[in-house]
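# Below are the sequence and a predicted model; questions follow.
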Amino acid sequence: MLSAFRSALATPDLRKKILFTLMIVAVYRLGTIIPAPGVSYPNVEACQAQVESSGIYSLLNLFSGGALLQLSIFSTGIMPYITASIIIQLLGVVIPRFEELRKEGQSGQNKLTQYTRYLTIALAILQATGVIALADRGQLFQNCDQPVIPDNSIYTLALIVVTMTAGTAVMMWMGELITERGVGNGMSVLIFLNIAAILPAEGANILDRNGGLVFAFVCLFGLVIIASVIFIEQGQRRIPVQYAKRMVGRRMYGGTSTYLPIKVNQAGVIPVIFGSSLLYLPDLISRLIGDQNANSGWQVFIRTYIVDQSSWLHILLYFAMIIFFTYFYITITFNVDERAEDMKKYGGFIPGIRPGRPTAEYLRYVLGRITLPGSIYLGIVAILPNFFLSLTGQGQNQNFPFGGTAVLIMVGVGLDTVKQIESQLMQRNYEGFLK
């Protein structure tokens, strides 16, 4: 494997792509520590030292690489782009125009990308406004009396919102640059970078609070989880597909055998993001309402059973939502009728299954069978941090560093990036990372 990395750096064009990606990564990390104008950085540091980050911000803070709670120019992170991409993808089912654009090829995809950018900016404005409103009210860091925004005039607050929104636009541009001129998918690489930036701090917290024995156990358990996730992420059901021979002019086409791969985790990490967002929504609404009814029955119930990640109700709701959204998202994105029609159009068929509607029913049956273990796997990986919060002593609002969304994203992005580098190496000397 080391020789393959050496070969990658020895190839001029591949070395240029890797160095370009590292340069964008360095600029991006620099932006996550630059505070937005009007924010008192010493007061932010003091509040972070006094209070623990709340569970409602854990997902957003995870995707921003810790920039959210620092109120930096990249505080909104890449989450608005992820949300916009998911919304545009789901709208393709209910809006015929979006479905037509998706079928038009590259030109239609460019139009959908343009819509995604516009929606990203709108969501970034909304998210930045919410974060600044919480910070101005003292809800971003509870029980901290330090004013993180000393001058809370309309002009200052609007300037901070505009700066954070511009930061989101710059992050989109950086991600597209990595995709075009670097290595890997740009947005995925930025998400991977944000998560990796938080892991050392999380590990240091465990080491300081619990000692070396618990830290060593957590690292060992993390390696087991990562290996298990890699094994399952690589798993797939290969449905054989045979293409009939056909004459076009004087040439014979078809007659080949291939397969249709269906992954065990066909939905990726999207159901986990959906479930986390919905569980944090009630707490967000209660915080925006204010403290005048902080001891009301429904707010106490939300804090005790919904926000508390060690609560059994929270765990069961989270697990059930992940299973539901796994089936929902796969149904939306994997259209079995369309796949069956495409196979029939090009003369393909599954051995023993008639083309057309029987093929669609068979694909629906196989997809339903393989989605069940995939959804259970996603749910188990996602709720693993909840069972280890008491062991690590991090409290109800902290993240276990080797579980849930973090591992799923890091493993997926890492595998895709390595495969892309390996494919470029094989084009030149037919030697990849694994011999």
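Received the coordinates, thanks. Quick caveat, the model's predicted, so the values are computed rather than measured.

# Now Asp342: which helix or strand?
For Asp342, the host element (DSSP states H and E) is helix 336-345.

# which stretches of the stretch 201-350 of the chain form strands?
With DSSP state E, counting those that start in this stretch, the ranges of strands along the stretch 201-350 of the chain come out as 236-243, 246-248, 251-253, 257-263, 348-349.

# Just name the most buried of those.
Highest mean neighbour count of the strands of the stretch 201-350 of the chain: strand 348-349, a mean of 20 (counted as mean count of other Cβ atoms under 10 Å). Bear in mind the C-beta positions are built from the backbone N, C-alpha and C, glycine included.

# Show me what that one packs onto, helices and strands only.
Applying 3 or more Cβ pairs under 8 Å, 6 or more residues apart in numbering; DSSP states H and E, we find strand 348-349 packed against strand 236-243.

# Now do the strand it packs on against strand 257-263, angle only.
With axes from the mean of the first three to the mean of the last three Cα atoms, to 10 degrees as the basis, strand 236-243 and strand 257-263 are set at 150 degrees to each other.

# thinking again about what came up before, what is the orientation angle of the helix holding Asp342 with strand 236-243?
Using the same axes, to 10 degrees, helix 336-345 lies at 30 degrees relative to strand 236-243.

# List the buried residues for helix 336-345?
For helix 336-345, burial by neighbour count (16 or more other Cβ atoms under 10 Å) applies to Val336, Arg339, Ala340, Glu341, Met343, Lys344.

# and that helix, what other elements does it pack with?
Right, helix 336-345 is packed against helix 357-392 by 3+ Cβ pairs under 8 Å, 6+ apart.

# thought Val39 was touching Ala67?
No: counting by Cβ atoms under 8 Å, Val39 sits too far from Ala67 to count as a contact (11.8 Å).

# And these two? Which one has more around it.
Using other Cβ atoms under 10 Å, the more surrounded residue of Val39 and Ala67 is Ala67, with 28 against 21.

# contacts for stretch 30-39?
Applying Cβ atoms under 8 Å, 6 or more residues apart in numbering, the contact partners of stretch 30-39 are 41, 44, 64-67, 70-75, 148-151, 156-157, 159-160, 163-164, 167, 170-171, 194, 197.

# Which among those count as buried?
When the contacts of stretch 30-39 are checked for burial by 16+ other Cβ under 10 Å, the buried set is 44, 64-67, 70-75, 148-149, 156-157, 160, 163-164, 167, 171, 194, 197.

# Now, the residues you listed that are in helices?
In this view, these that belong to helices under DSSP state H are Val44, Thr156, Leu157, Ile160, Thr163, Met164, Gly167, Met171, Asn194, Ala197.

# Kindly indicate whether the closest residue in space to the second one that isn't next to it in sequence is helix, strand or coil.
Sequence neighbours aside, Gly38 is the residue nearest to Thr156 in space, at 4.3 Å (criterion: Cβ to Cβ, 6 or more residues apart in numbering). At Gly38 the chain is in coil, as set by DSSP: H, G, I helix; E, B strand; the rest coil.

# Next, count neighbours for Gly38.
With other Cβ under 10 Å as criterion, Gly38 counts 20.

# just the one 4 residues further on next, same as before
By the criterion of other Cβ under 10 Å, Pro42 has 10 neighbours.

# The residue nearest to Thr156 and Cys144: what is the separation?
Gly38 is 18 Å from Cys144, where distance means Cβ to Cβ, to the nearest Å.

# tell me the phi and psi of Ala124?
In terms of degrees, to the nearest 10, the main-chain angles of Ala124 are phi -70, psi -40.

# Please give me every residue in contact with it.
For Ala124, the contacting residues are Thr76, Pro80, Met164, Thr165, Thr168, Ala169, by Cβ under 8 Å, 6+ apart.

# Of the residues you listed, which is the most crowded?
In terms of neighbour count, Thr76 stands highest of the contacts of Ala124 at 29 neighbours, by other Cβ under 10 Å.

# ok, now which ones touch that one?
Contacts for Thr76 were tallied using Cβ under 8 Å, 6+ apart; they are Ser64, Leu68, Ala124, Gln127, Ala128, Val131, Met164, Thr165, Gly167, Thr168.

# Look up how far Val170 lies from it.
Using Cβ to Cβ, Thr76 is found at 11 Å from Val170.

# Then Lys419?
The gap separating Lys419 from Val170 is 28 Å, by Cβ to Cβ.

# Kindly report the same for Gly184.
Taking Cβ to Cβ, one finds Gly184 at 19 Å from Val170.

# Likewise for Ile285?
30 Å.

# same question, Val148
23 Å.

# ok, which stretches of the stretch 1-150 of the chain are helices?
Taking DSSP state H, counting those that start in this stretch as the criterion, the stretch 1-150 of the chain contains helices spanning 2-10, 12-31, 41-50, 55-63, 79-94, 96-103, 106-137.

# Deepest-packed of those, please.
Among the helices of the stretch 1-150 of the chain, helix 55-63 has the highest mean neighbour count (mean count of other Cβ under 10 Å), at a mean of 22.

# pLDDT of that helix, averaged?
Mean pLDDT, computed over helix 55-63, is 60.

# domain assignment for this structure?
As recorded under automatic domain parsing, the domains making up the chain are 32-182, 209-428.

# Can you add distance to Lys17 and give the ones you listed back as TSV?
Shown next, in TSV, are the domains of the chain (distance: least, Cβ to Cβ, whole Å):
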stretch	distance to Lys17
domain 32-182	5
domain 209-428	8
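
# ok, Phe349 touching Thr359?
Yes: if you go by Cβ under 8 Å, Phe349 and Thr359 touch, sitting 6.9 Å apart.

# joint contacts of the two?
Shared contacts of Phe349 and Thr359 (Cβ under 8 Å, 6+ apart): Met343.

# Leu363 is in contact with Arg339, correct?
Yes: using Cβ under 8 Å, Arg339 makes contact with Leu363 at a distance of 6.1 Å.

# who touches both of these two?
Leu260.

# contacting residues around Gln48?
Here Gln48 is in contact with Leu69, Gln70, Phe141 (Cβ under 8 Å, 6+ apart).

# Could you check how far the second one is from Ala197?
Translated: Gln70. 12 Å.

# How about Ala8: what's its closest non-neighbour residue?
Of all residues not flanking Ala8 in the chain, Leu14 sits nearest, at 5.3 Å (Cβ to Cβ, 6+ apart).

# Where does confidence bottom out across the contacts of Thr76?
Among the contacts of Thr76, Ser64 carries the lowest pLDDT, at 68.

# Would you mind measuring from Asn110 to Glu338?
22 Å.
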